[in-house]
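Visitor: Could you work out the structure for the sequence below:
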Amino acid sequence: MKILEQALNKINGIHKAQKKFILTLVQGLVGVTGKRTFRNMARFMGIEEHTFSRQMAKTFDFVKLNLQLILNFKNKNETCIAAQDDTFIPKSGKKTYGLNFFWNGSSSKAEKGLELNVVAIVKINGEKKEGFTLSSRQTIIKSIAEKVLTKIDFCIEHVKNVILQLQALGIQCMVADAFFAKIKYIEGITELGLHVISKFRKDARFRYLNMNKAKRRGRPKKYDERQFSVDDFETSEVIKIEKENIELRNLILYSVALKRNVKAVLVKKIDKDKYGQALLFSTDTELEVLKIYQFYVARFQIEFIFRDAKGFAGLADCQSTEPKRLDFHFNASLLATNIIRLQDTQLQQEQKINRPFSIMNWHRQYYVEIVLNRFIAMFDLSRDTIKSHPDYQNMLGFGNVKY
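Guide: Got it, this is the predicted structure:
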């Protein structure tokens, strides 16, 4: 937890009691077994249930803390991009704030629950990719002055609120899935100074740019009258990624839906048993083709954040129905996954090893540490003597998978 302590110490305005609570909460979210509700965490962490409830009703700047953590571990050789996506949070009851019908990708249908919109930072260093949460907000669709704010409006506003943090990290590109390939989203994000990489629908319409010389009289035609065909990508230069059996071809086209020129990249998967293709695009027509593909593939790191937070940090376990406590719980859960990933990165750098990230190992380690701390406290043992023992770290790894 030294990583979290160091970041908290660099942020002004956090009093000692709140700092102590954040450290305890993060350890509990990762280490506790069962649901991460106020009541269950109180059984393990030595804090009363109402203390969790009271502390999580207070405001806390998680964006500033997440930014500090990412900056502390940012490497000059790494390329950072931003990714935005939603995740469904199952929630029962009638009085929960923001309860509505949202799309649940796991069941491929709309279900009643909550939705969380997340802006994440993905660090790319060669083949290694890591995703970290910067900001999360609960999706709330409402009307203001007879104007209905859509989900796209909400997503743009979310990015607008963290644009200074994105600029501090030197980010120039936002990557999102095919849902966000809409003119309102593209215009909203580009107005903030970011380029967008996303994926076109299968029925997307295009026009060719007119490359012919201008006529002697009249305004030159802006677009070619030819009918667009995917087969025309065959005339462009091919870039092969041998390890993945991928072929990339590109054209600069005018997107009818987006009303702008884009760099379209046709991705073909050529395998003995499988064949598939997808059409990616970038609003930056000067961006390299290989980077467009790499950045879009790196977007999937945000899905790993959702998986780890739900499975091992209690993202979907909030006991409260009130907006402040819900927001605090969601952000704390995602903060916990950031801490674990950074701890794993730091450990591998110190030991000069390269192994797969396992959040299950870290969950076990945190759980064993909670149990040992309880034994030390109950039997009035010497904390310094036990923790300085050479086998203490080996004990923390009890039950972990060995690589």
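
Visitor: Report the residue spans of the stretch 101-250 of the chain with pLDDT below the cut-off.
Guide: 143-148, 210-226 (pLDDT under 70).

Visitor: which residue ranges form the strands in it?
Guide: Taking DSSP state E, counting those that start in this stretch, the strands of the stretch 101-250 of the chain run over residues 109-125, 128-138, 143-144, 147-148, 173-175, 195-199, 206-208, 239-241, 246-255.

Visitor: right, so of those, which gets closest to Gln227?
Guide: strand 206-208 (9.1 Å; Cβ to Cβ). Where you see a C-beta, it was placed from the backbone N, CA and C, and this is true even at glycine.

Visitor: Walk me through which strands that closest one pairs with, and which way each runs.
Guide: Paired with strand 206-208 in the same sheet, following DSSP bridges, are strand 246-255 (antiparallel).

Visitor: send the alpha carbons of the partner strand over as CSV?
Guide: Written as CSV, here are the backbone C-alpha positions of strand 246-255 (Å, rounded to 0.1, in the frame of the first residue of the first chain):
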residue,chain,number,x,y,z
ILE,A,246,-3.6,-9.9,-40.0
GLU,A,247,-3.6,-7.8,-43.2
LEU,A,248,-4.2,-4.0,-43.0
ARG,A,249,-5.2,-1.8,-46.0
ASN,A,250,-6.2,1.8,-45.9
LEU,A,251,-7.9,4.6,-47.9
ILE,A,252,-8.8,8.2,-47.1
LEU,A,253,-12.5,8.5,-47.6
TYR,A,254,-15.4,10.8,-46.9
SER,A,255,-17.8,9.3,-44.4
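
Visitor: Identify all contacting residues around that strand.
Guide: Applying Cβ atoms under 8 Å, 6 or more residues apart in numbering, the external contacts of strand 246-255 come out as 200, 204-209, 223, 228, 232-234, 236-241, 260-270, 281, 285, 289-290, 292-293.

Visitor: filter those to the buried ones?
Guide: 200, 204, 206-208, 228, 232-233, 236, 262-268, 281, 289, 292-293 (16 or more other Cβ atoms under 10 Å).

Visitor: Among these, which lie within helices?
Guide: Residues of the buried ones among the contacts of strand 246-255 located in helices (DSSP state H): 289, 292-293.

Visitor: Identify, from the residues you listed, the entry nearest to Asn394.
Guide: Using Cβ to Cβ, Tyr293 comes nearest to Asn394 of those, at 43.2 Å.

Visitor: For the closest residue in space to the closest one that isn't next to it in sequence, the count of nearby residues, please.
Guide: Residue nearest to Tyr293 in three dimensions, not counting chain neighbours: Leu248, with 5.7 Å by Cβ to Cβ, 6 or more residues apart in numbering. By the measure other Cβ atoms under 10 Å, the count of residues near Leu248 is 20.
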